[in-house]
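Engineer: A predicted structure for the sequence below; I have some questions about it.
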Amino acid sequence: MSGIHDFIDNEVKTNDVVLFMKGTPEFPQCGFSGQVVQILDYVGVGYKGINVLADADIRQGIKDYSNWPTIPQLYVKGEFVGGCDIVREMFQSGELQSHLQEQGISIKGAA
């Protein structure tokens, strides 16, 4: 199991923005993953999507890693931000955009 933890840890720490999701950014395979993809695309932030459906170990491993029971999971600069509901609320309040900018991540909507 540690191999999966190391893989996840590496992805989270070497990519500024990572979305562990069901499906891919081009073809989300669940509504919640799709919503987060739409938000990230709208904000205009570059991110890496990791399809948990491709590997059962990753699907379980990410839940253990974050101690969060659901997917999708969004990470920014190595930090767990949240799942679909949290990301949506942060987006609607403008908090997501400012959080990304505070972390030095450029977004399309930024002046």
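Structural biologist: Thanks, I have it. Residues are numbered from 1 along each chain as shown.

Engineer: pLDDT below threshold where in the chain?
Structural biologist: Counting by pLDDT under 70, the chain shows low-confidence ranges at 1, 109-111.

Engineer: all helices for this protein, in order.
Structural biologist: Secondary structure of the chain (DSSP state H): helices at 2-14, 31-43, 56-66, 84-93, 95-102.

Engineer: among these, which is nearest residue 74?
Structural biologist: Closest approach to residue 74 among these (CB to CB): helix 84-93, 5.4 Å. C-beta: built from backbone N, CA, C; applies to glycine.

Engineer: Please enumerate residues in contact with the closest one?
Structural biologist: Helix 84-93 is contacted by residues 32-33, 35-36, 39, 42-43, 70, 72, 74, 81-82, 95-97, 99 when judged by CB atoms under 8 Å, 6 or more residues apart in numbering.

Engineer: ok so, going back, I'd like the helices of the chain written out as CSV, with distance to residue 108 and mean neighbour count added.
Structural biologist: What follows is the helices of the chain, written out as CSV (distance: least, CB to CB, whole Å; neighbours: other CB atoms under 10 Å):
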stretch, distance to residue 108, mean neighbour count
helix 2-14, 23, 14
helix 31-43, 7, 18
helix 56-66, 27, 17
helix 84-93, 13, 16
helix 95-102, 10, 17
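
Engineer: export those helices to JSON lines and tack on distance to residue 22?
Structural biologist: Listed next are the helices of the chain as JSON lines, based on distance: least, CB to CB, whole Å:
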{"stretch": "helix 2-14", "distance to residue 22": "16"}
{"stretch": "helix 31-43", "distance to residue 22": "5"}
{"stretch": "helix 56-66", "distance to residue 22": "8"}
{"stretch": "helix 84-93", "distance to residue 22": "11"}
{"stretch": "helix 95-102", "distance to residue 22": "20"}
